[in-house]
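1. coordinates only, no sequence provided:
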């Protein structure tokens, strides 16, 4: 029974994307740099594990405070009893954060324990959890489209072509009709299909179902290309809106990256809210929580496409869940993040449009003290939910000649 002897909270900041990306101009008022928050667990054997909670992108010091509150609850306990340690943390946090911030922190602990167990046993995490046959690779889609200039879209489409990826996700709001149609055409000429993230995961109140229906119809009137999905088209607390939208458009409707418990996502699956769901291990409470969603979705006949953003530990945790549960498609975050890329190394390889199965013990990520020193925490490197209006190009810019 390896016991937990040390808990360390790490806040690290790395360059992110570039200053001309709309997401940077809208959401990073201090420039192209992003912070991630991780938990490092050390066992009495000397083995360490890393986990991540997405909360730190927005509120790193809140993440750190909750880690410090939680750490004594699991110290000197069995590091391989992961379900037991999650129960310990929930007993501390559920009263004041049954859903939300604490779930991100619990995710960081849970992911770190799986990483430590995998390293201890010399096996990848997906191998410890695998249900069914072992897939060699999983299809992957490019997640970018935070662009307001044609050359930015073309740069991303060139990257996808080079990797053999044939699915792409762009970001758009209801007024982006000509912009969306332009991307559908440009991508389609390269054999790439396009889904649209409508970015309503921060919207309160959300846009109306009628607005989404009108947007889809208007885009499809401009081009013969068709969207392959619309993501987060309604706000986070309006599942009835997603269900209504499914009845009114012939484009698959998806969402779920904002849901912080498997119970809530499973309820939405059973209520036919989405055509497919997008759980995130760093948000929902860990890898085990995503596995619960896979099992419930399989029983319902609903697909699961894991959300993968954040840093290396967050992304790899969701990838391991997908390989363990038989996922058929995963997300590839395209905005450059050197720290994450360096930590993942060759364990997130994409060949011929498919993510190869990671084979290193644990999550397969690396963080050295030298890397720790090279990416120090920058308090100004936070994602701001108070979006700035920077004035993108007019509709006329996107008209095709």
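-> All right, it came through fine. Quick caveat, the model's predicted, so the values are computed rather than measured.
2. what is the least confident helix or strand in the protein?
-> helix 22-27 (a mean of 89; mean pLDDT, DSSP states H and E).
3. now do that one: distance to the chain's middle.
-> 18 Å (C-alpha atoms, centre = their mean, to the nearest Å).
4. residues in contact with it?
-> Residues outside helix 22-27 that contact it (C-beta atoms under 8 Å, 6 or more residues apart in numbering): 16-19, 31-32, 146-148, 171, 335, 383-385, 387-390, 392. All C-beta atoms are positioned from the backbone trio N, CA, C, and that covers glycine.
5. ok, of those, which come out buried?
-> Applying 16 or more other C-beta atoms under 10 Å to these, the neighbour count classes 16-17, 32, 146-148, 171, 335, 383, 392 as buried.
6. and these, which is closest to residue 198?
-> residue 171 (7.9 Å; C-beta to C-beta).
7. contact partners for the closest one?
-> Residue 171 neighbours (C-beta under 8 Å, 6+ apart): 22-23, 145-146, 196-199.
8. how about residue 36?
-> By C-beta under 8 Å, 6+ apart, the neighbours of residue 36 are 11-14, 52, 56-57, 310-311, 313-314, 339-340.
9. ok, those residues vs residue 124, which is closest?
-> Taking C-beta to C-beta as the measure, residue 124 lies nearest residue 313 of those, at 14.1 Å.
10. got the buried residues for the host helix or strand of the closest one?
-> In this structure, residue 313 sits in helix 312-325 according to DSSP states H and E. For helix 312-325, burial by neighbour count (16+ other C-beta under 10 Å) applies to 312-325.
11. endpoints of stretch 163-175, how far apart?
-> Using C-alpha to C-alpha, to the nearest Å, one end of stretch 163-175 lies 31 Å from the other.
12. now do that stretch: distance to the chain's middle.
-> The answer for stretch 163-175 is 15 Å, by C-alpha atoms, centre = their mean.
13. re earlier: which of the contacts of residue 171 ranks first by neighbour count?
-> residue 196 (28 neighbours; other C-beta atoms under 10 Å).
14. you'd agree that residue is up against residue 174?
-> No: assessed by C-beta atoms under 8 Å, residue 196 is found out of contact with residue 174, at 10.4 Å.
15. out of the contacts of residue 171, which are inside strands?
-> 196-197 (DSSP state E).
16. out of the contacts of residue 171, flag the one nearest to residue 278.
-> Using C-beta to C-beta, the contacts of residue 171 come closest to residue 278 at residue 197, 10.0 Å.
17. so what sits opposite the closest one in the bridge?
-> Judged by DSSP bridges, the bridge partners of residue 197 are residue 171, residue 231.
18. pLDDT value on it, please?
-> On pLDDT, residue 197 comes in at 97.
19. now do the SS call for residue 42.
-> strand (DSSP: H, G, I helix; E, B strand; the rest coil).
20. quick check: buried residues in stretch 31-43?
-> 32-43.
21. pLDDT-wise, what's the bottom of the buried ones among the contacts of helix 22-27?
-> residue 392 (76).
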